[in-house]
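A.B. asks: Predicted model and sequence below, questions to follow.
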Amino acid sequence: MLSSASRLSLIRGRASAVITASRSMSLSAYDEYGKHVFKGDVAEKYLSAQGTSAAVLDDPSWTATHADEVAAGVLEWALDNGATSYAHWFQPMAASGVRHGLTGQVQNMMMKFDDKGNLVKDFKGKNLTKGETDGSSFPNGGLRATHTAGGYLAVDTSSPIFLRGDVVFIPSAFVSYHGHALDEKTPVLRSNEALSKEGKRLLALLGHETEGIVANIGLEQEIFLIARDEFYRRPDLQLTGRTIIGRDAPRGQEMCDHYMAPLSSATPALACMQEIQEECWKLGIPLKTRHREVAPNQFEFAPLFGINTAQIDQNVMVMQIIEEVAARHGLAALLQEKPFNNINGSGKHNNWSLGTKEGVFILEPDDINKATGNDSAFGVIMAAIVAAVDQHGDLMRAAISSPGNDFRLGACEAPPAITSTYLGGDMTAYLEALKNGSTAAYEPTKKTLDLGTSAVLPFDVPAEDRNRTSPFPYGGARFEFRAVGSAQNVSLVNTVLNTITASKFKEFADKIEAGASPHAVAAEALEKHWKVIFNGDSYDEGLQQMLTDSGVWRIDSGVEAIARLTAPENKELFESLGVMDGKECDARAIVLHDHYFGTVEMEALTLIDMINQHIVPSVKAAGVGPLGDLEAAVGSIQTALAGIHAAETSYEKAQLARVLRLETMMDIRETCDAAEGIVPAELWTLATYKELLFLDSHSTDLIE
């Protein structure tokens, strides 16, 4: 086995072999865009050779009518690109923060050997369209057991097949023998159906016939990049993704000097980000934007918008690519929501928009009003969404209850756990007028800035300012769900957004079909749900209390928010729209509570090891520090863990785990951080925040 020093030397050697000041990039990188995704011109080349065309992929029925032809085309495409295996690629529940890539897969050869030992192609339609695996070994909330373990995979035709390395990946739904969802994807697909069905009904009543509604999203992915040798000196980062202890460095983000600062060619970060983009482009992932974020060593990628299922799949792959490419550059990528204390954590802003299958943007006022010939159409749709946010804010909060968001929501980087929506002054005034009887179209005011210099001509800016404190602000043709956590698979987030919106579209359509006017239905909904519109500072504690007193949803605990999935009215909501039945709601809550207390248990056991193996020895060697308090802390954690294990239900375990995490372990952290502050640096064996957070001044040894 290599020694620690030898391993670090090897890492540096590999990094220096692939890293230059920055990767040389040219337009040729764009020539590779989409080469490894089976759609469009790429698919056309291979499917035309099978007597069909890429157009068949637009109709989900190809799995029944053209499966063998598509499989033959995929096989030839795979071989031409060096791929010889395939995998049904699925997304188990509760993967965030623990499962690399967030996905499940079994990689099978696309070949076999005949009796004479000759290699024979072996990939048919039946291999492509479905598969089977063990459903009991994944988190399932009681839906599967060892004696009833069947799990079944079926290709998701809404998300394209792609290849990476020597494997063709087939995006797939994963369900039980009885059809219950065992994955993140299936409820999203069902919610898309509900949204399309009810949105189609409502639009027809507003004056526009369409084949259906689609949800488009864009996901902004925030990450941290740190030196990998320092990462290896932090058991908590290695095992849990966040620093459980750690004294603040003398410098943080207080000078606002990192946000959108130049991506320095003196560190591996720029070359790493360039390579991540290049890999993503090959997979047809339009990763357009890269920049530094607010905290030291924090960065962001953002893609172009796309259909939600494909975007979710792409984001899952982006996270995997980020982790793998970072390692090649001598870096470690941290995707967890709050890796470091007292500096910003990371989010994944879920920009959500709606459109018709023909391309009309429903949340763009001019577009939808023109399509319907109805000046109030946009206002009616906005009223439905406002009502959905107010009535179902508990489910929106449940959807973002990842363990890492415990430390992020409510700080100055993420909206608090209070569900409201920012619309801006013009939009709010328009909806208020609609509520009071106006039928006029929404016409935002024009705003032009004149800087008073001939060098910069006057220019227009949006009618509304940006409110970064709102969990769900309207941003012009889209809403931005800002409270989503960076490590999350956003399937549940989008399942909830689709479902609650479909529910209100259905309610509006039912009332209109019963004889009410669209305007009257919208006005009634706005009157009832007006309190959820809030254009102020959501970080202001006084205003937070005002919102709480008004009756909008406020759930500070993610554990309690998860429990709302099992509320009778929420089960009825999901069941009525065919998204999840009661058993699936119960199972998902159990899985998420298990995931929460499992995460906390890992953190607690890691803290015990760090105290016993690092901090106590350092304090003893230094002859200074709170030795007695540290030794007592270990007993406190062990007692709390015993209490968690004794609890009967997943919900009770999660409730106790939250107390351990946010109270007991936070107090112990203060003791550990105090010890770090007085033990001489040469005796402190754990990487410090100073060593972890400042690539710009600590990583020149990784550059040629």
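C.D. replies: Noted; the coordinates are in hand.
A.B. asks: And the average pLDDT for stretch 238-257 is what?
C.D. replies: Stretch 238-257 comes out with an average pLDDT of 94.
A.B. asks: in that stretch, what counts as buried?
C.D. replies: Judged by neighbour count (16 or more other CB atoms under 10 Å), stretch 238-257 contains these buried residues: T240, G241, R242, T243, I244, I245, G246, R247, D248, A249, G252, Q253. C-betas here are computed from N, CA, C, even on glycine.
A.B. asks: can I assume the fifth one is in contact with I611?
C.D. replies: Spelled out, that is I244. No. With contacts counted by CB atoms under 8 Å, I244 stays clear of I611, the gap being 10.0 Å.
A.B. asks: returning to what we had before: okay, the buried residues of stretch 238-257 in JSON lines with secondary structure and distance to K197 next?
C.D. replies: As requested, these are exported to JSON lines (DSSP: H, G, I helix; E, B strand; the rest coil; distance: CB to CB, whole Å):
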{"residue": "T240", "secondary structure": "helix", "distance to K197": "42"}
{"residue": "G241", "secondary structure": "coil", "distance to K197": "39"}
{"residue": "R242", "secondary structure": "coil", "distance to K197": "41"}
{"residue": "T243", "secondary structure": "coil", "distance to K197": "47"}
{"residue": "I244", "secondary structure": "coil", "distance to K197": "47"}
{"residue": "I245", "secondary structure": "coil", "distance to K197": "51"}
{"residue": "G246", "secondary structure": "coil", "distance to K197": "50"}
{"residue": "R247", "secondary structure": "coil", "distance to K197": "55"}
{"residue": "D248", "secondary structure": "coil", "distance to K197": "52"}
{"residue": "A249", "secondary structure": "coil", "distance to K197": "54"}
{"residue": "G252", "secondary structure": "coil", "distance to K197": "50"}
{"residue": "Q253", "secondary structure": "coil", "distance to K197": "46"}
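A.B. asks: Which of the helices or strands spans the residue of the chain most remote from its centre?
C.D. replies: Within the chain, the residue lying farthest from the chain centre (CA atoms, centre = their mean) is K116, at 49.4 Å. For K116, there is no host helix or strand (DSSP states H and E).
A.B. asks: Backbone dihedrals for it, please?
C.D. replies: Note on K116: backbone dihedrals following degrees, to the nearest 10 are phi -100, psi 0.
A.B. asks: swap in the one 3 residues further on?
C.D. replies: Note on L119: backbone dihedrals following degrees, to the nearest 10 are phi -80, psi 130.
A.B. asks: and the gap between it and E278?
C.D. replies: L119 sits 32 Å away from E278, going by CB to CB, to the nearest Å.
A.B. asks: which one of the two has more residues nearby?
C.D. replies: Between L119 and E278, counted using other CB atoms under 10 Å, the more crowded position is E278 (18 against 11).
A.B. asks: For that one, give its distance to A687.
C.D. replies: Separation of E278 from A687 (CB to CB) stands at 30 Å.
A.B. asks: And W553, by the same measure?
C.D. replies: 40 Å.
A.B. asks: for I678, same thing?
C.D. replies: As for I678, its distance to A687 is 18 Å (criterion: CB to CB).
A.B. asks: And those two? Which one has more around it.
C.D. replies: Ranked by neighbour count (other CB under 10 Å), I678 and A687 place A687 first, with 20 against 12.
A.B. asks: Touching, that one and R228? I think so.
C.D. replies: No. Using CB under 8 Å, A687 makes no contact with R228, being 10.9 Å away.
A.B. asks: L119 and L79, how far apart?
C.D. replies: As judged by CB to CB, L119 and L79 stand 11 Å apart.
A.B. asks: no no, E432
C.D. replies: Counting by CB to CB - E432 and L79 are separated by 62 Å.
A.B. asks: Return the per-residue confidence for the closest residue to N535 other than its chain neighbours.
C.D. replies: In space, and not counting its chain neighbours, N535 is closest to Y422: 5.5 Å by CB to CB, 6 or more residues apart in numbering. Predicted confidence (pLDDT) for Y422: 95.
A.B. asks: Can you verify my assumption that Y422 contacts Y474?
C.D. replies: Yes. Between Y422 and Y474 there is a contact under CB under 8 Å: 6.7 Å.
A.B. asks: For these two, indicate the residue with more neighbours.
C.D. replies: Using other CB under 10 Å as the criterion, Y422 and Y474 rank with Y422 on top: 27 against 22.
A.B. asks: what residues are up against that one?
C.D. replies: If a contact means CB atoms under 8 Å, 6 or more residues apart in numbering, then Y422 has N467, S470, F472, P473, Y474, I533, F534, N535 as its contacts.
A.B. asks: what do you get for M111?
C.D. replies: Counting by CB under 8 Å, 6+ apart, M111 has contacts T84, L119, V120, K121, D122.
A.B. asks: isn't the first one right next to L75, touching?
C.D. replies: No. With contact defined as CB under 8 Å, T84 does not count as touching L75 (9.6 Å).
A.B. asks: related to what we said a few turns ago, dump the contacts of Y422 to CSV, plus pLDDT, secondary structure and distance to V579.
C.D. replies: Shown next, in CSV, are those (pLDDT from 0 to 100; DSSP: H, G, I helix; E, B strand; the rest coil; distance: CB to CB, whole Å):
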residue, pLDDT, secondary structure, distance to V579
N467, 82, coil, 30
S470, 92, coil, 26
F472, 95, coil, 20
P473, 95, coil, 25
Y474, 95, strand, 24
I533, 97, strand, 26
F534, 95, coil, 28
N535, 94, coil, 31
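A.B. asks: How about K504, nearest residue that isn't a chain neighbour?
C.D. replies: Leaving out its chain neighbours, the residue that sits closest to K504 by CB to CB, 6+ apart is A384, at 4.0 Å.
A.B. asks: Dump the host helix or strand of the one you found to PDB, keeping only the CA atoms.
C.D. replies: Per DSSP H and E: A384 is located in helix 377-391. What follows is helix 377-391, C-alpha atoms only, in PDB (Å, rounded to 0.1, in the frame of the first residue of the first chain):
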ATOM      1  CA  ALA A 377     -55.200  34.700 -19.800                       C
ATOM      2  CA  PHE A 378     -51.800  35.500 -18.300                       C
ATOM      3  CA  GLY A 379     -53.400  36.900 -15.100                       C
ATOM      4  CA  VAL A 380     -55.600  33.700 -14.800                       C
ATOM      5  CA  ILE A 381     -52.600  31.500 -15.000                       C
ATOM      6  CA  MET A 382     -50.600  33.600 -12.500                       C
ATOM      7  CA  ALA A 383     -53.600  33.500 -10.100                       C
ATOM      8  CA  ALA A 384     -53.600  29.700 -10.300                       C
ATOM      9  CA  ILE A 385     -49.900  29.500  -9.500                       C
ATOM     10  CA  VAL A 386     -50.200  32.000  -6.600                       C
ATOM     11  CA  ALA A 387     -53.000  29.900  -5.200                       C
ATOM     12  CA  ALA A 388     -50.900  26.700  -5.600                       C
ATOM     13  CA  VAL A 389     -47.900  28.200  -3.700                       C
ATOM     14  CA  ASP A 390     -50.100  29.400  -0.900                       C
ATOM     15  CA  GLN A 391     -52.100  26.200  -0.400                       C
END
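A.B. asks: now for whichever helix or strand comes after it, which elements pack on it?
C.D. replies: Using DSSP H and E, the helix or strand that follows helix 377-391 in sequence is helix 393-399. Under the contact definition 3 or more CB pairs under 8 Å, 6 or more residues apart in numbering; DSSP states H and E, helix 393-399 sits against helix 491-513, helix 558-563, helix 568-576.
A.B. asks: is it fair to say R290 lies in a helix?
C.D. replies: No. Counting by DSSP: H, G, I helix; E, B strand; the rest coil, R290 is not found in a helix; it is strand.
A.B. asks: What pLDDT does the model give K447?
C.D. replies: 86.
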